[in-house]
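Asks: Have a look at this prediction, sequence included:
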Amino acid sequence: PPEEPPPPPPDQPMTPPPVVSPPPIVQNPNPPPVQVATVPTPPPVYVPTPVVAPPAPPAPPAPPAPPAVSKAASPKGNPGQYFGADNYPPSAIRAEEQGRVVAKLTIGTDGRVTDCVVTTSSNSSALDQATCRIAKSRVRFSPALDAGGNPTTASYTLPVRWVLPQN
């Protein structure tokens, strides 16, 4: 036959645990802050590795010297006639701009202006541009001549004073 389970234990009254007071709070003075000594680390030393440069290429031959000019280029007529009130840039008139422009002209073997570079500006781009535009399109020269009497290229300095036209 199966065995019977044991009887339950008798009821025991629940007794609360004893009251225990917490331990006293002990105040410790703050310890001094820890001093950390830092030692600066020197930067790494850069030691460049020498690089052997390749040998320089041979110098190009010198350009041929320009032929000696026996007669300089000279303007045909008066170039100033092209820089008057009729050719004054309208934008410069509206802005009341005037001034002096100096241009270096390159004169071809045919006496025409092949290049124009403003060397002294009037501080007006309209006047500077008009000077070169007019010089290239209208001003003509007797070409420079070399020692053999042949036409050669040359340069010419052209000063132009732009003065606002009076109404």
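Replies: That came through fine.
Asks: Now do the SS call for Ala130.
Replies: Following DSSP: H, G, I helix; E, B strand; the rest coil, Ala130 is assigned to helix.
Asks: from here on, count from 34
Replies: In the new numbering, first residue 34, that becomes Ala163.
Asks: count of residues packed around it?
Replies: For Ala163, the count of nearby residues is 22 (other CB atoms under 10 Å). Placement of C-beta: from N, CA and C, glycine included.
Asks: same thing with the one 5 residues further on?
Replies: The local packing of Ala168 (other CB under 10 Å) involves 21 other residues.
Asks: isn't there a helix covering it?
Replies: Yes - under three-state DSSP, Ala168 sits within a helix.
Asks: And the pLDDT at it?
Replies: Looking at Ala168, its pLDDT stands at 91.
Asks: can you check Pro42 too?
Replies: 70.
Asks: cool, the one 10 residues further on as well?
Replies: The predicted local distance difference test score for Val52 is 80.
Asks: helix, strand or coil for it?
Replies: Applying three-state DSSP: Val52 is coil.
Asks: From Tyr79, how far off is Pro73?
Replies: Plainly put, Pro73 is 18 Å away from Tyr79 if you go by CB to CB, to the nearest Å.
Asks: again with Ala177
Replies: 58 Å.
Asks: the more surrounded of the two?
Replies: The residue with more neighbours, out of Ala177 and Tyr79, is Ala177; 24 against 5, by other CB under 10 Å.
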